[in-house]
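Undergrad: Sequence and predicted structure are below.
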Amino acid sequence: MTDNTNTGHNTPAHPTNSSLTTHQFDVLIVGAGGAGLRAALELQRAGKQVALVSKVYPTRSHTVAAQGGINAALGNISEDNWHWHMFDTVKGSDYLGDQDAIEFMCQQAPRIVRELEHFGVPFSRLDDGKIYQRPFGGQSQHFGQSQATRTCAVADRTGHAILHTLYQQNLAAGTQTFSEFFSLDLLIEDQQVTGLVALEIATGQLHQFNANAVLLATGGAGQIYRTNTNASINTGDGLAMVLRAGLPLMDMEFWQFHPTGVAGRGMLISEAARGEGGLLRNSLGEAFMVNYAPKVKDLASRDVVSRAIATEIHHGRGCGPNKDYIELDLTHLDAELIKQKLPGIRDISLTFTGIDPIEQPIPIHPSCHYMMGGIPTNIHGQVMTQTNGENYPVAGLYAIGECACVSVHGANRLGGNSLLDIVVFGKAAADHILSRPAEVCTTKTPAPKAINPALLKRMQAFQASRDTEIPNDANNDDSVVSFKRDLQQMMQRHCGVFRDQATLAAAKPMLEQLAQRLKTLRVQDPAQGFNLERIQAFECENLLAVAWATLESALARTESRGAHARDDYPERDDQAWLVHLLFFMQPHITLKQKPVQMQPKTVAPFPPIKRVY
Amino acid sequence: MLFNIQRYQPEAASAQQVGAQNATYWQEMTLDDALVKPGMMLLDALKLLREQDPTLSFRSSCQEGVCGSDAMQVNGRNRLSCITPLAELSQPIELMPVPGLPILRDLIVDMTLFFDRYAQANPTLNAGKFNPDQEHLQSPADRAKLDGLYECILCACCSTSCPSFWWHPDQFLGPAALLAAERVVIDSRDIQPKQRLEALSDPYQLHRCRGIQQCTTSCPKGLDPSRAIRQLKHQQWTQS
Amino acid sequence: MRNLAKIWPNGKWSYAWQQLSAVYLLVFLPWFVWTIWPALMGLDYQPAQPGLLWLTSLIALALLFIHSWIGLRDVVIDYCPARHLPMAIRALSLVFMLMIFNITLLLTRWLLL
Amino acid sequence: MRDLIGGRHARPVHLALYKIRFYPNALVSISHRISGSLLAICLIFGLMLLNAVALGWINTSDITQSVPGKLLILLTLSSLLFHWLSGLRHLIIDWWPAKDHQVPQAWFSGWAVSLVFFLWAVGTLLLALALFTGGFVGGPS
């Protein structure tokens, strides 16, 4: 790593008003997960000056927790082609995915996976030496006929292997990394993004990064829900930055609840467990998925399985003393297979429940896992916005990975497509930056800008003494911890697997109340260096913005599609709702619509049909 | 439930007076037993303690033992707080930052030296030319050689429990980085294992290891860096 | 500090020498004690194969020096502050040279008498 | 390391060894090192005495019959015994012929370590008896 990361020994800077360190780069990448690292690698190798700014060390990014695998129609085990992969993804998205983007991703997949293999990812292998693949939910051969086997896997540590491999490649390429820098706000001048302001966590100092292109790869925001499979860092920092900059988020009502989180705790038990033959059972011991998806049973798409589990529990067929979970049964599988192909989930089960899946079923419950929505982008990763009904890219701003909404996942993501998404579009965005005219990409040296007064005010407000500037009626005992807990609980209750008008509408005043609380929220820790409480305060602000986008969009979409299941509108409504929803927070909350791209570039489109598994 | 935590608050006035070396101090903290639920991990307890004292600083991210953020010394042993069950620990639970790295605040240490050594170990596979139409072939037996090597999460539990790393964090690569080095050397796809082994033949990077085995006993993922280092030492002779 | 990487032998060779000498001494020492046991017990003793005993003992002595040189050098490298290390290594090699010189002197003297 | 702790990077480092749990292996390892260093010191001392004998300043019996001399011999032999035993264990671990250098856990365990210490203690006791009582194992009285 570079000297720039070794900043911990600096004497702590005192309040930040005027001290602002500036940096100049060609490209600035925010977030060092799989998407950010893949883009950085491409750009660094092409000779660009790249800065990778991340609020944690790159190997702590949440890509590390992805387990099951990455989809590519390699056909190593059974016949396959990318066109079938595309069909499955379009169908899985409940036809909300943009078909040109899906086409691009599925077409690129085999090459991208082989490239990862070439970089060093230790894929599991078949006897003939090729990459091992396993069946995953929603995969089919011949456009919906038989089950396909498409997910390339590194045992059940695929994300870990990919993240570490990309990190290693970046080390070799010499990418400059700014680890433990928390990004606060984008810098925008004349409609063009010119950089951002970040807080160096170790010292509390502010840094201004200037760049010709800013690439957001900040990941998801699963922390808006109480029970989630996400890391505590997944707080939607990039999403909120975009909202504050007056740009939209798209399709935020679509949150994937992973069917198999460890009950009561949330950790992920990979879909690979079912891919390798695991079965879901209710308290009667029935493998109930046959009632919900007669053809593919446990390997139905995730939204289907999660709803099935929620329904079983709702009807009193849950397991345990409180009948509040379902069991994932692997006991009929060969112990060796579990040890070889699923060592990580066995570990998780043993650690967090004390249960060895070889001997006993694992208690599971749906757990918030993935955000299908995000920052709208086109197929090159360019962030899109809309004025007066016209959609156009924002100059200098890109988004990739979970924080972006291309959209390839539409209303529901297929297992194994998220790792694919980050790598494909990480590379695509880098390629687009490289293909821009040279003069756009050369380094200018703009003068350091004064810090946005609004940003300064926020920082100072969090840091102000608890007794000052707080209106008398405010609750002085409020803390970032209780704020976050209340927000998560509210979202869990009002915007979970099933939604309806009444519960959603009831959440709105709560959200407004939380926004009021945020204004008077104070940080007790007075320190500048490693003030994690202050970081959490900023994260709370970001989570609130994401929750707001989610709730408003969920209220507006009066249909059930993919992961968005409305009790009061149980059917999909292609007439009214085969559109993307854009949510703007600035200058005031607005919802707009954007057409779904139904026209692929090289193949015939897949018109919407009823989605059954 | 009783905790004894080594604190370091660099910005406190007292710390400024006595100088960094003497500024660590011990603090007893108590967690109401009513808050302690069965199956709770040390990290959960730490979060509750942080509600009592927001200045208590520690890193954490994934909370399931795969990101490697939250290594700390628990009752004398390096562990990940998120996968250390409270029930396993004898009280008072003594918490310190991991040994041998400069402390930034409380349980947070500066990982720069650790990651620099990792980079120095050149853990990047070199598989030669890329062929977009066909992956490199690797037999399941060759792939199995990577098991126990690639799963490392870079939490630094091993390296910071290694006396050789304490004395030479700037020159001895340490168990984590050497595990990574072995992971590429032994990969059948790599085209330059000999050069890699040759690069490690000086007295420091690899050969500071004295087989003390603290690394293997403290790995929270059950890996065996000591074995990887033995293999490297032998391969230096068998592969040249 | 960097030129220390060049001190003899480097890590790879010191590992090999250390293992080799250890194995030799591991076997030699018990055998040696067994062979000269009568002499240790103060009995009148003539070795059955004096040539073999001399040869193996001389090898053992040489390996002992190598073994202890590498071992002590490692101890010094580990615990000596980096800025004093070149000096310490030089002092250590001086001690070893003196010892080797002294032993050679004693041996020749003994053989000549 | 010392350079990093002091100087301008002044930040505390936790290296309070008494607060760190050392496993049986680490104990053998450090003892192996200590006994080795002792042996080196004994070697220098022995060499000095040998010179003194060669120059006719003292007699061999002055060493073997005096208490400090006997203690020096005991220290040397006892260190040698420990170094030999722990070295043997070290070599077994290093050269265990199994695939992938997988050494049975037993060799790392407290069991093997206790064995080393036990054999050393017994050996040292016997040596001390032999040296100080003379003719322990049927030698001439």
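TA: On my side now, so go ahead.

Undergrad: Please count neighbours and contacts with C-alpha atoms only from this point.
TA: Will do.

Undergrad: helix/strand/coil for the residue nearest the centre of chain D?
TA: Residue closest to the average C-alpha location in chain D (C-alpha atoms, centre = their mean): D:Ser35, at 2.5 Å. With DSSP: H, G, I helix; E, B strand; the rest coil as the basis, D:Ser35 sits in helix.

Undergrad: what residues are up against it?
TA: Contact partners of D:Ser35, counting by C-alpha atoms under 8 Å, 6 or more residues apart in numbering or on different chains, are D:79-80, D:82-83.

Undergrad: Can you name the next helix or strand after the lowest-mean-pLDDT helix or strand in chain A?
TA: Scoring the helices and strands of chain A by mean pLDDT, DSSP states H and E places helix A:438-441 at the bottom, with a mean of 53. Per DSSP states H and E, the first helix or strand lying C-terminal to helix A:438-441 is helix A:453-463.

Undergrad: Point out the other elements, helices or strands, that the helix or strand that that next one is followed by touches.
TA: Next in sequence after helix A:453-463, counting helices and strands by DSSP H and E, comes helix A:480-494. Judged by 3 or more C-alpha pairs under 8 Å, 6 or more residues apart in numbering or on different chains; DSSP states H and E, helix A:480-494 is in contact with helix A:501-520, helix A:532-556.

Undergrad: can you list contacts of helix A:480-494?
TA: Helix A:480-494 has contacts (C-alpha under 8 Å, 6+ apart) with A:223-227, A:503-504, A:506-507, A:510-511, A:514, A:517, A:521-523, A:533, A:536-537, A:540, A:544, A:547, B:51.

Undergrad: Considering only those, which also neighbour chain C?
TA: Near chain C, judged by C-alpha under 8 Å from any C-alpha of the partner chain, there are no entries from those.

Undergrad: Around chain C, pick out the residues from chain B.
TA: B:164, B:167-168, B:201-204, B:206-208, B:233, B:236.

Undergrad: Kindly recompute the last result at 6 Å.
TA: Contact residues (C-alpha under 6 Å from any C-alpha of the partner chain) of chain B with chain C: B:201-203, B:207.

Undergrad: In helices, which of the residues you listed appear?
TA: Secondary structure of the residues of chain B next to chain C is defined by DSSP state H; no position falls in helices.

Undergrad: how about low-confidence regions in chain B?
TA: For chain B, applying pLDDT under 70 flags no range at all.

Undergrad: In space, not sequence, find me the middle residue of chain B.
TA: Central residue of chain B (C-alpha atoms, centre = their mean): B:Ala156, at 1.2 Å.

Undergrad: ok, now which ones touch A:Ala429?
TA: A:380-381 (C-alpha atoms under 6 Å, 6 or more residues apart in numbering or on different chains).

Undergrad: where exactly do the helices run in the stretch 251-400 of chain A?
TA: Assigned by DSSP state H, counting those that start in this stretch, the helices in the stretch 251-400 of chain A fall at A:272-275, A:289-292, A:302-314, A:335-341, A:343-353.

Undergrad: possible to save those helices as JSON lines with mean pLDDT and mean neighbour count?
TA: Shown next, in JSON lines, are those (pLDDT from 0 to 100; neighbours: other C-alpha atoms under 10 Å in any protein chain shown):
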{"stretch": "helix A:272-275", "mean pLDDT": "94", "mean neighbour count": "22"}
{"stretch": "helix A:289-292", "mean pLDDT": "95", "mean neighbour count": "16"}
{"stretch": "helix A:302-314", "mean pLDDT": "94", "mean neighbour count": "21"}
{"stretch": "helix A:335-341", "mean pLDDT": "93", "mean neighbour count": "15"}
{"stretch": "helix A:343-353", "mean pLDDT": "92", "mean neighbour count": "19"}
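
Undergrad: I'd like these laid out as CSV, including distance to chain B.
TA: Output for the helices of the stretch 251-400 of chain A, formatted as CSV (distance: least, C-alpha to the nearest C-alpha, whole Å):
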stretch, distance to chain B
helix A:272-275, 17
helix A:289-292, 28
helix A:302-314, 22
helix A:335-341, 10
helix A:343-353, 7
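
Undergrad: out of those helices, nearest to C:Val23?
TA: helix A:335-341 (38.7 Å; C-alpha to C-alpha).

Undergrad: Compute the number of surrounding residues for B:Leu149.
TA: 22 (other C-alpha atoms under 10 Å in any protein chain shown).

Undergrad: gap between the residue nearest to it when sequence neighbours are not counted and B:Asp116?
TA: Among residues not flanking B:Leu149 along the chain, B:Arg183 sits closest, at 5.4 Å (C-alpha to C-alpha, 6 or more residues apart in numbering or on different chains). Distance, B:Arg183 to B:Asp116, using C-alpha to C-alpha, to the nearest Å: 18 Å.

Undergrad: So, low pLDDT: which residues of the chain?
TA: Defaulting to chain A. A:1-19, A:438-451, A:464-476.

Undergrad: hmm, I had chain C in mind actually
TA: For chain C (pLDDT under 70), the answer is C:1-7.

Undergrad: can you list the residues of it near chain D?
TA: Chain C comes close to chain D at residues C:Met41, as judged by C-alpha under 6 Å from any C-alpha.

Undergrad: Tell me which residue is most central in chain C.
TA: By C-alpha atoms, centre = their mean, chain C has its centre lying nearest to C:Phe65, at 1.6 Å.

Undergrad: Residue in the stretch 501-613 of chain A with the shortest distance to chain C?
TA: A:Gly529 (30.8 Å; C-alpha to the nearest C-alpha).

Undergrad: re the thing from before, next, format the contacts of D:Ser35 as TSV and append neighbour count and distance to chain B.
TA: Shown next, in TSV, are these (neighbours: other C-alpha atoms under 10 Å in any protein chain shown; distance: C-alpha to the nearest C-alpha, whole Å):
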residue	neighbour count	distance to chain B
D:Ser79	24	19
D:Leu80	19	19
D:Phe82	24	17
D:His83	26	14
